[in-house]
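In: Okay, predicted coordinates and the sequence, questions at the end:
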Amino acid sequence: MNLRGENLKMVGKLAVVTAGMFCFGYALVPIYKAICEITGINVLSISETQVPGSAKSAQAAQVLRNSQVDTSRTITVEFDANVRGPWEFKPEKRSMQVHPGELSTVMYEFQNVQNRRMAAQAIPSYAPKQAAGHFNKLECFCFNEYTLEPGEKKAWPVAFVIDPKLSKDVTTITLSYTFFEVGGKTPAAPTAPLAVVKPVTVVTGTGS
């Protein structure tokens, strides 16, 4: 085989490898989300994988239409915000009372207080863990990448419905977001802080 034939063969192999790597890169996101749903890492609700007009978005809308508001129960939803960097990120309110099956909305506010442009995104988590599968979001900013100019402010809504099938033992749900800069190390889902044990000083008396 002449040199030209060898070169063409090598180019063909490189093209196949390049195409494979390109497809693998696009497959990483759905693979990551599937692993999260199976293992519970950075627990995701079904609606967090939705995009407007998608089949899952229509499915969430159908769930909302079929949900009956349970006015006999009230659940406290607490909103938490964590940041990994020099910027401001917070919910407009720390908690709200909702009925299962009721559509509710909360706003999250973000400001880039740096003198440079930045790109960031958020990862959600839930407590207790069993609430994740019953916390359906119809609108959410999670997993989207946002670019903010120096000093720029943004406000994003989170519209959600709690499935009435949620166990009646659950009376409080905490929705927590960790906002971090794209390009940095992805943080783990936030966890409750450990209790601080204060040292005990033992005072001994002196004998008379």
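Out: Cool, the structure landed. Numbers count the residues shown, from 1 in each chain.

In: make it CA atoms for all contacts and neighbour counts henceforth
Out: OK.

In: In the helix or strand hosting Phe79, which residues are buried?
Out: Phe79 belongs to strand 75-84 when assigned by DSSP states H and E. For strand 75-84, the neighbour count (16 or more other C-alpha atoms under 10 Å) marks Ile75, Val77, Glu78, Phe79, Asp80, Ala81, Asn82, Val83, Arg84 as buried.

In: and after it, which helix or strand comes next?
Out: strand 88-91.

In: would you put the C-alpha positions of that following strand in CSV?
Out: Taking C-alpha atoms only, strand 88-91 is exported to CSV below (Å, rounded to 0.1, in the frame of the first residue of the first chain):
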residue,chain,number,x,y,z
GLU,A,88,-24.8,37.6,46.2
PHE,A,89,-27.5,35.0,45.9
LYS,A,90,-30.7,34.7,48.0
PRO,A,91,-34.4,33.9,47.9
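
In: Could you identify the helix or strand that succeeds it?
Out: strand 95-98.

In: Wait, Gln97 touches Val77, no?
Out: Yes: using C-alpha atoms under 8 Å, Gln97 makes contact with Val77 at a distance of 6.3 Å.

In: Can you classify the residue lying closest to Asn115 once chain neighbours are set aside by secondary structure?
Out: In this structure, Asn115 finds its nearest non-sequential neighbour in Pro150, 4.8 Å apart by C-alpha to C-alpha, 6 or more residues apart in numbering. Pro150 falls in the coil class when you classify it by DSSP: H, G, I helix; E, B strand; the rest coil.

In: Report the contact partners of Pro150.
Out: Contact analysis of Pro150 by C-alpha atoms under 8 Å, 6 or more residues apart in numbering lists Asn112, Val113, Gln114, Asn115, Arg116, Arg117, Met118.

In: Tell me the buried residues within the residues you listed.
Out: Buried among those by 16+ other C-alpha under 10 Å: Asn112, Val113.

In: partners of whichever strand or helix holds Leu138, with directions?
Out: Leu138 is part of strand 135-139 when elements are defined by DSSP H and E. Taking DSSP bridges as the criterion, strand 135-139 pairs within the sheet with strand 153-162 (antiparallel).
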